[in-house]
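Student: need coordinates for the below:
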Amino acid sequence: MLQEELVAGDKKKLAEEIIALKGLRDSDKQSWVEEKKKLEVEVKKLKLSVVGVEKKLKAKQVEVDEVRVGKEAARRKQRVRYTGFSRPFTSSM
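Tutor: Numbers count the residues shown, from 1 in each chain. Next up is the predicted model:
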């Protein structure tokens, strides 16, 4: 009889432990789902930010290219003015 009571008590403790562990698992699952949603929102914001920065960078690159072309044109114009040639004079030896 005592043995049966001990076994019944052990079974009850195990059942309670299983129920507690299942509760923790479910809580962890819910926390994971919430955290995943937050991270997905953050990733989306970062992707949009990167796209915006890339557009600004491309616009700046176009600006830089235009300035570079303008400077090169000004140098050519100056060269023509001082040398009378459209290309630099090189001597062949």
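Student: every contact and neighbour count from this point should use C-alpha atoms.
Tutor: Will do.
Student: quick one: buried residues of stretch 73-84?
Tutor: Burial within stretch 73-84, assessed by neighbour count using 16 or more other CA atoms under 10 Å, is assigned to Arg76.
Student: centre of the chain to that stretch, how far?
Tutor: On the basis of CA atoms, centre = their mean, to the nearest Å, stretch 73-84 is displaced by 47 Å from the centre of the chain it belongs to.
Student: and that stretch, what's its mean pLDDT?
Tutor: Mean per-residue pLDDT for stretch 73-84: 81.
Student: may I have that stretch exported as CSV, CA atoms only?
Tutor: What follows is stretch 73-84, C-alpha atoms only, in CSV (Å, rounded to 0.1, in the frame of the first residue of the first chain):
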residue,chain,number,x,y,z
ALA,A,73,36.2,70.9,-69.8
ALA,A,74,37.6,74.0,-68.0
ARG,A,75,41.1,72.6,-68.1
ARG,A,76,40.8,71.9,-71.8
LYS,A,77,39.5,75.3,-72.5
GLN,A,78,42.3,76.8,-70.6
ARG,A,79,44.9,74.7,-72.4
VAL,A,80,43.4,75.8,-75.8
ARG,A,81,43.5,79.4,-74.7
TYR,A,82,47.2,79.2,-73.6
THR,A,83,48.6,76.8,-76.2
GLY,A,84,46.3,77.3,-79.2
